[in-house]
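Fold the stuff below for me.
(one chain, ligands or ions: 1)
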Amino acid sequence: MANVVVVGAQWGDEGKGKIVDWLSERADVIARFQGGHNAGHTLVIDGTVFKLSLLPSGIVRPGKLSVIGNGVVLDPWHLVSEIEKLRGQGVEITPETLMIAENAPLILPIHGELDRARESANSIAKIGTTGRGIGPAYEDKVGRRSIRVADLADDATLELRVDRALVHHDALRKGLGLEPVDRDRLLADLRAIAPAVLDYAAPVWKVLNEARRGGKRILFEGAQGALLDIDFGTYPYVTSSNVIAGQAATGTGIGPGSIDFVLGIVKAYTTRVGEGPFPAELTDEIGQRLGERGHEFGTVTGRKRRCGWFDAVLVRQTCATSGVNGIALTKLDVLDGFETLKICTGYELDGEMLDHLPTAADRQARCTPVYEEMPGWSESTEGARSWADLPANAIKYVRRVEELIGCPVALLSTSPERDDTILVTDPFAD
Ligand code: GDP
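So this is what the prediction gives:
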């Protein structure tokens, strides 16, 4: 019996898709515990490409139970369209293979409108949201005015919940120059979509606890990265939920003691999308080269990701806040051919050395990276499947990363292909 949490240990885009897919084949239950329909995994199974942004990766594998936990904010219209698209590709989705937490809050069309109105009207620095209403839906959750999955089952409750939400939203919309919400239309839309969502509604906490007691293997699938965590990320340039491993417990309703292994996904260098501090950023041709070799462009927007050398300070920190037991180091092959590699081992700030990223925004912005240099390798590591396939300097690099972050490598990924992986420790091993 072993339950594994997968978290991104940088700013997202670490290559979680491949690793989650690799692990989901071995799991019985795959659960999402935070975020919304912004995860953006592409899975290739037996030559078929599946695109998922809300449903857990296990959904494409027969015989697995996929779970959407209460920590997720759920857009019911998106849910239905993602299910339909997958069904069109021959994936069987039933209430036996997909369960959605009854206490998950909904994303409504008014949340997306609010998101977009704020991002376009705001003269203050943009956060760079995806405009899908995820942030405003989390605000309503904490503001105790969410409509939750279970509310769809009772019309009187639904009306009460909608009225409660609209008191807040209409006032906000007035300030932003938007029309008041069309209450009747919203209610009609919710009534129309309700049966399709309620089919999958379940007391997920109970199902997961029973699965755990029954010796099932549960994979908790994180989205984004720990540096985007609402508490421990580079606030305010963060996502609107907790991303770190503890959220797997609160976002599904299992106890923290039920988590046996936390796997941090770590890219062999650093990238970040959009605004916010990034001490080891390279704006020179090396950064350019990392971006081109690593195909660091947004999958939806095509936007260039900011790139830099591996920042051991940040990963040491996220390994601590998520209690990472082992990392999956991805995209090592992108470093092939560099004569010299650098690793950021600390920051200098006002003549002082720091071994962590300070919390205050102005201090974060003034941190200068302190680098350690290592010799690179000219050989290709692409597709390596054992340590013996790796050049000596690549092994030295991996060992130094382990030392600096204080956490061992459990998996090493050397290409986008699922089998191009070196397994050191099986996270699911008893
Ligand atoms: P996520 O946002 O963390 O889920 O990241 P993705 O799963 O979207 O991965 C980002 C990209 O990196 C995808 O195009 C993957 O195919 C690719 N990728 C993953 N692992 C490796 C690797 O080890 N080497 C290379 N070259 N590409 C990889």
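
Show me where the protein has its helices.
Here the chain has its helices, by DSSP state H, at 16-24, 76-88, 109-121, 134-142, 155-176, 183-198, 204-213, 247-250, 285-293, 312-322, 361-366, 392-405.

Does anything pack onto the third one? Which helices or strands?
Identification of packing neighbours for helix 109-121 by 3 or more CB pairs under 8 Å, 6 or more residues apart in numbering; DSSP states H and E yields helix 134-142, helix 155-176, helix 183-198. The C-beta positions use only the backbone N, C-alpha and C, and glycine is treated the same way.

quick one, it and helix 76-88 angle?
110 degrees (axes from the mean of the first three to the mean of the last three CA atoms, to 10 degrees).

contact partners of helix 109-121?
Under the contact criterion CB atoms under 8 Å, 6 or more residues apart in numbering, helix 109-121 has outside partners 77, 126-129, 131-137, 140, 165, 169, 172-173, 176-178, 181, 186, 189.

just the buried members of those residues?
77, 127, 129, 131-137, 140, 165, 169, 173, 178, 181, 186 (16 or more other CB atoms under 10 Å).

Could you report the distance from Glu379 to Val401?
18 Å (CB to CB, to the nearest Å).

who has more neighbours, these two?
Higher neighbour count among Glu379 and Val401: Val401, with 21 against 15, using other CB atoms under 10 Å.

so how many other residues sit close to the residue nearest to Val7 when sequence neighbours are not counted?
In space, Val7 comes closest to Gly222 once its chain neighbours are excluded; the distance is 4.2 Å by CB to CB, 6 or more residues apart in numbering. Gly222 has 31 neighbouring residues, counting by other CB under 10 Å.

Now do the contacts for Gly222.
Val5, Val6, Val7, Gly8, Lys16, Phe33, Gln34, Val243, Ala245, Gln247, Ala248.

Enumerate the beta-bridge partners assigned to the nearest residue in space to Gly323 that is not next to it in sequence.
In space, and not counting its chain neighbours, Gly323 is closest to Val262: 5.3 Å by CB to CB, 6+ apart. Beta-bridge partners for Val262, by DSSP bridges, are Val5.

how much space is there between Val262 and the ligand?
Look at Val262 and the ligand: by CB to the nearest ligand atom, to the nearest Å, they are 16 Å apart.

how about the residues of this protein that lie near the ligand?
For the chain, the contact set with the ligand under CB under 6 Å from any ligand atom comprises 8, 12-18, 41, 330-331, 333-334, 413-416.

one more time with 5 Å, if that's ok
Asp13, Glu14, Gly15, Lys16, Gly17, Lys18, Thr330, Lys331, Asp333, Ser413, Ser415, Pro416 (CB under 5 Å from any ligand atom).

now, among these, which is nearest to Ala104?
Lys16 (21.2 Å; CB to CB).

what sits against the residue lying closest to the closest one once chain neighbours are set aside?
Using CB to CB, 6+ apart and skipping residues adjacent in sequence, the residue nearest Lys16 is Ile265, 4.8 Å away. With contact set as CB under 8 Å, 6+ apart, Ile265 has these partners: Val6, Val7, Gly8, Ala9, Glu14, Gly15, Lys16, Ile19, Ile327, Ala328, Thr330.

Most neighbours among the residues you listed, which one is it?
Ala9 (34 neighbours).

That residue against Val266, yeah?
Yes - contact criterion CB atoms under 8 Å: Ala9 and Val266 qualify, at 4.8 Å.
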